[in-house]
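Participant: Give me the fold of what follows.
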Amino acid sequence: MRIRTSALALAAVFALAAVFALAAGSSWAAKGVDGASIQANTAKTEQWPSVGLDYAETRFSKLKQIDTKNAKDLGLVWSYDLESTRGIEATPLVVGGVMYVSAAWSVVHAVNAKTGERLWTYDPKVNKGAEGFKGCCDVVNRGVALWKGKVFVGAYDGRLIALDAATGKEVWSKNTFEGQKGSYTITGAPRVYKGKVIIGNGGAEYGVRGYITAYDAETGEQKWRFYTVPGDPSKPYESKAMADAAKTWDPAGKYWEHGGGATVWDTMAFDPELNTMYIGTGNASPWSSKERSPAGGDNLYIASIVAINPDTGEYKWHYQETPSDNWDYTSTQPMILADVTIEGKKRKVILHAPKNGFFFVIDRTNGKFISAKNFVPVNWATGYDKNGRPIEIAAAREGDKPYDAIPGPFGAKNWMPMSYNPQTGLAYFPAQHIPLVMQDNKDWKFNKAEPGFPMSGTGWNLAKLLPAVAPESKPFGRLIAWDPVKQKEAWRVEQVSPWNGGTLTTAGNLVFQGTADGRMAAYNAKDGSKLWETPVGTGVVAAPMTYLLDGKQYVSVAVGWGGVYGLMNRATEHQGPGTVFTFAVGGNAKMPDFVAYQQGKLVQGVEYDPKKVDAGAALYVGNCLFCHGVPGVDRGGNIPNLGYRDASIISNLDKFVFKGPAFERGMPDFTGKLSNDDVQAIKAFIQGTADAVRPK
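Facilitator: This next block holds a predicted model:
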C-alpha cells in the first residue's frame with residue numbers, strides 16, 4: 001500500500017511539474033510576442049497571437065491540414081469549463097502551447113492548448129452589484145492581448161490590467177475611467193501596437209463621451225488619449241480634430257451634457273507600413289439627432305472609421321459611414337485591412353460591414369470612399385453617392401411616427417467578427433435582422449424614468465410599447481459570403497435565428513462558425529456547402545480560431561450564449577456554463593453533458609389587483625423588459641423570463657428588486673427608483689400577463 005501511495009504521489013508531483021514546466025515555457029514564448037513576431041506569424045499562422053490573428057484582423061489562417069476532404073472527421077479533443085453563465089464573446093489566443101481566453105466579468109484563463117488543462121485563472125473581482133447595471137449589453141469581454149510576457153485585459157469596471165503570462169499575477173493596473181463622468185464600461189479586447197496597449201470603452205447609451213487611450217505596455221504610463229467627439233465648447237478643445245468636429249454639432253442641443261457618445265467599444269486594426277491604426281466609433285448620445293443637435297450637422301466623429309497615428313494619438317483622417325446617426329448604427333463592428341484589385345489597380349483598403357446594412361470598401365491610405373452596397377434589405381437609405389454620403393429616405397429620420405427601421409438598432413451585423421479569405425476573395429460574416437420600432441420621445445430626458453418606453457432614461461429612442469406598435473418586418477439570421485470587389489453576395493446560409501457567431505476562414509478552403517441554436521459548423525469557403533457540424537449545447541456568439549501544435553491543427557471556439565439579444569432570447573433547448581471546445585481530425589473525446597433549459601411553468605397563484613396591470617405594464621417596459629423579456633411570451637435567455645418564475649419569487653418581488661440576492665450577480669438595485677406601490681403594479685402585470693397567455 002505504501003509503495004502504491006508513493007507511486008500515486010510521485011505521479012502527482014510529475015503532473016504538477018509538467019504544469020509548471022508548461023507555464024514556464026509559455027512565459028518564454030509569450031515574452032517573444034511583439035510587433036516583429038506578430039508580423040512574422042502571418043507567413044504560416046501557426047499561432048494565434050492577437051485577437052484578430054494578425055494586425056489586419058483578417059482571421060484568415062494559412063493552416064490547411066484540415067480541409068474540405070477531412071473536415072467531416074473533426075471530433076472533440078478537449079473541452080474546458082469557463083465557469084460562467086453569462087455571454088462568452090472572446091476569441092482565444094494561443095502562443096507557445098498555451099491558450100489565453102477571457103470570460104464574463106473579465107475573468108482570464110490560461111489553458112494547456114493541447115490537453116485543456118487549467119494553468120491559472122485571474123479574476124479582477126469586478127463589483128458586480130455596483131457595476132453590472134452600467135452596461136447595456138451583458139457583462140461580456142471580447143478577449144485579451146499579449147506582449148513581451150504580459151497578458152492585458154480590459155476589466156468591465158474600467159481597469160486596464162497587465163498580468164504575468166506565466167503565473168497570472170497582476171503586474172500593473174490603471175483606471176482608464178479616472179476623471180470621467182458617466183456609466184462607462186469596457187467589453188472590448190485591447191490591442192498592442194509599437195509597445196503601447198490601446199483600449200477604448202462603452203457606455204454611449206448612458207451619456208458618456210467616447211475616447212481611446214494608449215498606455216506603455218511595460219509600465220502602464222499613459223502615453224496619449226484621443227477623444228472621438230468634442231466636449232464642452234466653453235473649454236479649450238483637446239486638439240484641432242476636436243475643434244473641427246465641434247463645427248458639425250449644434251450647441252443648442254447641449255450635446256456635451258449627454259456625453260456625445262461615439263465610444264470605441266470594439267474594432268481596431270493596424271497597418272505597420274503606413275504607421276496608421278484604425279478605430280471604429282459608436283452611436284451618438286442620445287440616439288435622436290433632433291435631441292442632441294437640433295440644427296443638424298454630421299456630428300463628427302460618430303459612426304465613423306478614424307485613422308490615428310499610433311505614436312502620438314493624432315488624428316489623420318476619417319470616413320463617416322452614417323452621418324448624424326439616428327438609429328444606433330455604430331461603426332464599431334470589426335474591420336479588416338486587405339489589398340484588393342479594383343478596376344485593374346491594386347488598392348490598400350478597409351473592408352467593413354457595420355450595423356447600418358451596407359458593406360464598405362474604403363481606401364485606407366487616405367480614407368476616400370470607394371464603394372458601398374447593402375448586404376441586407378434596408379429602409380433608411382437607397383444607397384451612397386459618389387462622394388460616399390448616404391442617400392437617405394426622409395421618413396426614416398422624421399421620428400414623429402413609429403418607424404420599423406431596417407436594420408434595427410441590433411444591427412444588420414453586430415460585433416461578431418467577420419473574416420476575409422484572399423484565396424476566394426470573399427468576406428464571411430453573420431448578417432441579421434431583429435425587428436424593433438423606433439420613434440422620438442418628445443418628453444425624453446436623461447435619467448428620467450418614462451413608463452412605457454423601453455430603457456427609459458437612457459439615450460435610446462425606441463417607440464413607446466404601450467399601446468404596442470408591432471413591427472411588420474420579420475427576423476432572420478444568415479451567414480453571408482460577400483465579394484467586396486463586385487459588391488455582391490456570393491452565397492448565403494439561412495440560419496434558425498439571428499445573433500449567430502463570428503467566423504474563421506482557412507487555407508483549407510473552409511469557413512467555421514458557431515450558431516445561435518447551439519451548433520459549430522464548417523462550410524466550403526467557395527460555395528457554402530456544409531461539410532461538418534456538431535452540437536455544443538448552447539448558443540455561440542464568439543468567433544472560432546485555429547492553431548498548429550506539435551504538428552497537429554486544432555480549431556477552438558469559446559461558447560456561451562449572451563449579449564444584448566441573448567439576455568432575454570434563445571434558440572436552443574439547452575443551457576450550460578461557458579465552455580471552450582477544441583476539435584481536431586480524429587478527435588474522440590466525450591462531450592460534456594448538455595443540460596435542458598429549465599423553463600418551468602407559467603407562474604400561478606400570485607395575488608394581485610387587476611386594476612394595477614396597466615400601470616405595471618408601463619413600469620415593466622421602462623425598467624425590466626430588456627433583461628427579462630415579456631412575461632410568459634419571450635422564452636428567456638441567460639436571464640430568466642419572470643413569467644416562468646416560481647410564485648414565491650413573484651409574490652416577494654420587492655425582496656428581489658430592492659438590493660436582493662441577484663444584486664451580487666449584477667442586477668440593479670431599484671431602491672429610490674421604484675416604490676413599493678410600483679413593485680405591486682409590476683407584480684400584477686407579471687401574473688396578469690401569465691394568466692392571459694396561459695392555454696385555456
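Participant: Tell me the buried residues in the strand or helix carrying Lys346?
Facilitator: Using DSSP states H and E, Lys346 sits within strand 345-352. For strand 345-352, the neighbour count (16 or more other Cβ atoms under 10 Å) marks Arg347, Lys348, Val349, Ile350, Leu351, His352 as buried. C-beta coordinates here come from the backbone N, C-alpha and C atoms, glycine included.
Participant: Closest one to Gly477 out of the residues you listed, please.
Facilitator: Looking at the buried residues of strand 345-352 and their distance to Gly477, the nearest is His352, at 20.0 Å (Cβ to Cβ).
Participant: Touching, the closest one and Ile305? I think so.
Facilitator: Yes. His352 lies in contact with Ile305 (Cβ atoms under 8 Å); the separation is 6.6 Å.
Participant: Look up the residues that both of those two are in contact with.
Facilitator: Where contact means Cβ atoms under 8 Å, 6 or more residues apart in numbering, the residues bridging His352 and Ile305 through contact with each are Gly280, Glu321, Ser331, Met335, Ile362.
Participant: Wait, the fourth one touches Leu351, no?
Facilitator: Yes. Under the contact definition of Cβ under 8 Å, Met335 touches Leu351, with a separation of 6.7 Å.
Participant: and Lys128, what does it touch?
Facilitator: Trp105, Val139, Phe663, Glu664, Arg665, Gly666.
Participant: how about these, which pair is most distant?
Facilitator: Of all pairs drawn from these, the greatest distance, 14.5 Å, lies between Trp105 and Phe663 (Cβ to Cβ).
Participant: the strands in the stretch 351-500 of the chain, which residues?
Facilitator: Secondary structure of the stretch 351-500 of the chain by DSSP state E, counting those that start in this stretch: the strands cover 358-363, 369-374, 381-384, 390-392, 403-404, 419-421, 426-433, 437-438, 476-483, 488-495.
Participant: Can you tell me which of those has the worst average pLDDT?
Facilitator: Taking each of the strands of the stretch 351-500 of the chain in turn, the lowest mean pLDDT turns up on strand 437-438, with a mean of 88.
Participant: Would you mind listing the outside residues contacting that one?
Facilitator: Under the contact criterion Cβ under 8 Å, 6+ apart, strand 437-438 has outside partners 327, 399, 402-405, 408-409, 461-463, 469-471.
Participant: how many other residues sit next to Gly282?
Facilitator: Other residues near Gly282 number 29, with proximity taken as other Cβ atoms under 10 Å.
Participant: Checking Asp325 next. Helix, strand or coil?
Facilitator: Applying DSSP: H, G, I helix; E, B strand; the rest coil to Asp325 yields a three-state assignment of coil.
Participant: Now stretch 682-694 - C-alpha only, PDB.
Facilitator: These are the backbone C-alpha positions of stretch 682-694, laid out as PDB (Å, rounded to 0.1, in the frame of the first residue of the first chain):
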ATOM      1  CA  ILE A 682     -45.200  45.200 -11.800                       C
ATOM      2  CA  LYS A 683     -46.200  42.100  -9.900                       C
ATOM      3  CA  ALA A 684     -49.800  42.500 -11.200                       C
ATOM      4  CA  PHE A 685     -48.500  42.800 -14.700                       C
ATOM      5  CA  ILE A 686     -46.400  39.700 -14.500                       C
ATOM      6  CA  GLN A 687     -49.200  37.500 -13.100                       C
ATOM      7  CA  GLY A 688     -51.900  39.100 -15.200                       C
ATOM      8  CA  THR A 689     -49.900  38.500 -18.400                       C
ATOM      9  CA  ALA A 690     -49.200  34.900 -17.400                       C
ATOM     10  CA  ASP A 691     -52.900  34.400 -16.800                       C
ATOM     11  CA  ALA A 692     -53.700  36.000 -20.200                       C
ATOM     12  CA  VAL A 693     -51.300  33.800 -22.200                       C
ATOM     13  CA  ARG A 694     -51.900  30.500 -20.300                       C
END
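Participant: For that stretch, list every residue counted as buried.
Facilitator: Applying 16+ other Cβ under 10 Å to stretch 682-694 flags Ile682, Lys683, Ala684, Phe685, Ile686, Gln687, Gly688, Thr689, Ala690, Asp691 as buried.
Participant: Contact partners for Asp483?
Facilitator: Taking Cβ under 8 Å, 6+ apart as the criterion, Asp483 is in contact with Gly425, Leu426, Glu489, Ala490.
Participant: so how far is Glu489 from it?
Facilitator: Distance of Asp483 to Glu489, given as Cβ to Cβ, to the nearest Å: 8 Å.
Participant: and if you look at Gly154?
Facilitator: Where Glu489 is concerned, Gly154 sits at a distance of 35 Å (Cβ to Cβ).
Participant: got the end-to-end distance for stretch 633-647?
Facilitator: The first and final residues of stretch 633-647 sit 17 Å from each other (Cα to Cα, to the nearest Å).
Participant: list the contacts for Arg635?
Facilitator: Asn569, Arg570, Gln599, Gly629, Asn641.
Participant: Could you break this protein into its assigned domains?
Facilitator: 60-436+471-596, 610-693 (automatic domain parsing).
Participant: which one of those is the most hemmed in?
Facilitator: domain 60-436+471-596 (a mean of 21; mean count of other Cβ atoms under 10 Å).
Participant: which regions of this structure sit below the pLDDT cut-off?
Facilitator: Scanning the chain with the threshold set as pLDDT under 70 gives 1-28, 456, 463-468.
Participant: Repeat the analysis, applying 50 as the threshold.
Facilitator: With pLDDT under 50 as the threshold, the chain has low-confidence stretches at 1-5, 8, 13-14, 16-17, 19-20.
Participant: which ones are touching Glu392?
Facilitator: Taking Cβ under 8 Å, 6+ apart, we find Glu392 in contact with Trp380, Ala381.
Participant: Name the nearest residue to the residue most central in space within the chain, ignoring sequence neighbours.
Facilitator: Centroid-nearest residue in the chain, with Cα atoms, centre = their mean: Trp415, separated by 4.5 Å. Counting by Cβ to Cβ, 6 or more residues apart in numbering, Trp415 lies nearest to Asp266, which is 5.2 Å off, once chain neighbours are set aside.
Participant: Surely that neighbour is in contact with Gln333?
Facilitator: Yes. Under the criterion of Cβ under 8 Å, Asp266 makes contact with Gln333 at 7.0 Å.
Participant: Now list whatever residues contact both of the two.
Facilitator: Taking Cβ under 8 Å, 6+ apart as the contact criterion, the common neighbours of Asp266 and Gln333 are Gly280, Trp415.
Participant: Show me the helices in the stretch 501-650 of the chain, by range?
Facilitator: With DSSP state H, counting those that start in this stretch as the criterion, the stretch 501-650 of the chain has helices at 563-566, 613-623, 625-628, 647-651.
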